[in-house]
Structure formats: C-alpha cells, structure tokens
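[1] Any chance you can model this:
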Amino acid sequence: MSYLNITKLDASSTDFDQQLQQLLAWDETDGRDIQHRVLDIIADVRKNGDKAVIDYTNRFDHRNITQAGELELSKEILKSAWEKLPIDKAQALQTAADRIRGYAEHQKMQSWQYTEADGSVLGQKVTPLDRVGLYVPGGKAAYPSSVLMNAIPAKVAGVGELIMVVPTPQGETNELVLAAAHLAGVDRVFAIGGAQAIAALAYCRACLRHRNYSCGRKNCRPRQHLCRHRQKTGIWTSGYRHDCRSFGNFDYL
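    The predicted structure follows:
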C-alpha cells in the first residue's frame, strides 16, 4: 500500500515563517529550472530548425524520426480515425462540435462602418488571421475537447489555415484526438509535442511555416514557452480553464 505524504504547517509554531518560505522557495526554484530548460529548447529550435525539433521529439517521445516529413499525419489518417470511431463516441464528438460551433457563431464579430454628417467614415474592420497553430497535449491522457474548443472557433472566425501539433509517445496516436481534428476541419497535423512544438510554430521551420496564432492546454513547459513570446506573439487565455492562445503577425515569411 502506498501512502500520500502531506506536509503540515502549524501557524502557531515558532518556525512557521521559515517552513513556509522553504516551501515557497521550492516552487520558485522548480519554476526557474523549467524556464531555463524551456529557454534552451527555444534557442536550439530557433538556431537549428527541424533538426532540433526532430532531436527533441526522438528524445522525449522515444521516436526514431530521421526527416521532418515523417512528423506529419496525413488527412487520410485523420479521416480514417473518424470513420473507425464507435457510433456513440462519434455522436458525442459531433454533438460537442455542433454546440461549440453554434456558440462561436454568436461570438463572431462583424465589420461595420458609417458616415458622419461631415463626411468622415468611421468603423471597424474584422480580419481573420491567415494561419493558426493548435497545441494539443498527449501522453497520459487524450484531449479531443482541446481540439474542438480551439479549432472550431478559429474556423468560424474565418481563419485560412489551421495547423495542429500533438505529441505521439512511442509513435502511438489517439484516435479520438485525430477524429476530432478531422471533424473540426484542421488542415494539417504534426506529431510534435512540448516546448519544441510551440517553438517550431513560432520560428518558421521548414515543415511548420510561421503561424499567426497558437493555442493549447497550459502544460508546464509549453506554458513557460508561450510566456517567453509575449512580445513576439502575445498571449490570450480563454475562459475554458485549460486553454491558452498566443497570436501575432508573421508577415516576413
């Protein structure tokens, strides 16, 4: 039998402040360590491109990739995953997708303008982004909801191209996630995870052209990486607890 060790603090004890500071210091040290590792990954991907992405994918996901093209999952694979789903799961995904799409349609902003008496033309122009990147975690659990909740609003908004990255440990894919990608209309899917995936989206790799926008669950390393790019891409966090997005313009392709 395994036991859970719980640290107990007594606010009335003489060394309470010291114990509390030790716990808080541990969190800060752990966070700094992760940040340093993420920065190293960012720098490596930015400098070495696809080679770095492949190296980290092979290391962390235990793959044996030799070329960047091997990382892409074809549309045929996505379609096959959808077609092979049991009816009850397919219906559940379809119902969720329909509801998300309906909500997003009500959220959609419209362009408008009007002319004042002096001839001045005022208004608002809403322009969808050309490309969006979607980060979907994988490994210990599957998150088809992350696909639907991020991809469908982007499509409703009129985004031209949607690219998804998802880790595939030992090369194993999750059928629900791939089926959700097909259902949501994701254009391209790459088997990449972690900070290296978001770095690839941000720094224009050969297999992943620059994205205007990236989104996904706030796993620790990816979140640390996204935060490093506030000035470059910006960050947006939705009300959906675990989803975060970064956005920006990359017109220098």
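[2] Name the single longest helix found in this protein.
    As assigned by DSSP state H, the longest helix anywhere in the chain is helix 16-48.
[3] Give the next helix or strand downstream of it.
    Per DSSP states H and E, helix 16-48 leads on to helix 50-61 as the next helix or strand towards the C-terminus.
[4] Just want the angle from that following helix to helix 16-48.
    Orientation check (axes from the mean of the first three to the mean of the last three C-alpha atoms, to 10 degrees): helix 50-61 against helix 16-48 gives 140 degrees.
[5] Tell me the buried residues in helix 50-61?
    Of the residues in helix 50-61, those buried by neighbour count under the rule 16 or more other C-beta atoms under 10 Å are D50, A52, V53, I54, Y56, T57, F60, D61. C-betas here are computed from N, CA, C, even on glycine.
[6] what does stretch 102-115 give?
    With burial defined by 16+ other C-beta under 10 Å, the residues of stretch 102-115 counted as buried are A104.
[7] what residues does that stretch touch?
    Residues from elsewhere that reach stretch 102-115 (C-beta atoms under 8 Å, 6 or more residues apart in numbering): V121, L122, G123, Q124, K125, V126, I152, P153, V156, A157.
[8] who wins for neighbours among these?
    Within the contacts of stretch 102-115, neighbour counts (other C-beta atoms under 10 Å) peak at I152, which reaches 26 neighbours.
[9] which stretches of the stretch 151-253 of the chain form helices?
    Listed in chain order, the helices of the stretch 151-253 of the chain (DSSP state H, counting those that start in this stretch) span residues 175-184, 194-202, 220-227, 230-233.
[10] wait, which of the buried residues of helix 50-61 is closest to T173?
    Each of the buried residues of helix 50-61 was scored against T173 by C-beta to C-beta, and D61 proved nearest at 11.3 Å.
[11] Any figure for the gap between the closest one and G138?
    Using C-beta to C-beta, to the nearest Å, we find D61 at a distance of 9 Å from G138.
[12] Pull up the overlap in contacts between these two.
    Here D61 and G138 have P167, T168, P169, G193 as joint contacts, going by C-beta under 8 Å, 6+ apart.
[13] In JSON lines: those residues, plus pLDDT and neighbour count.
    Formatted as JSON lines, the shared contacts of D61 and G138 follow (pLDDT from 0 to 100; neighbours: other C-beta atoms under 10 Å):
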{"residue": "P167", "pLDDT": "94", "neighbour count": "22"}
{"residue": "T168", "pLDDT": "93", "neighbour count": "23"}
{"residue": "P169", "pLDDT": "92", "neighbour count": "15"}
{"residue": "G193", "pLDDT": "92", "neighbour count": "26"}
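[14] Save these as JSON lines, and put in distance to L85 too.
    Formatted as JSON lines, the entries for the shared contacts of D61 and G138 read as follows, by distance: C-beta to C-beta, whole Å:
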{"residue": "P167", "distance to L85": "21"}
{"residue": "T168", "distance to L85": "18"}
{"residue": "P169", "distance to L85": "21"}
{"residue": "G193", "distance to L85": "23"}
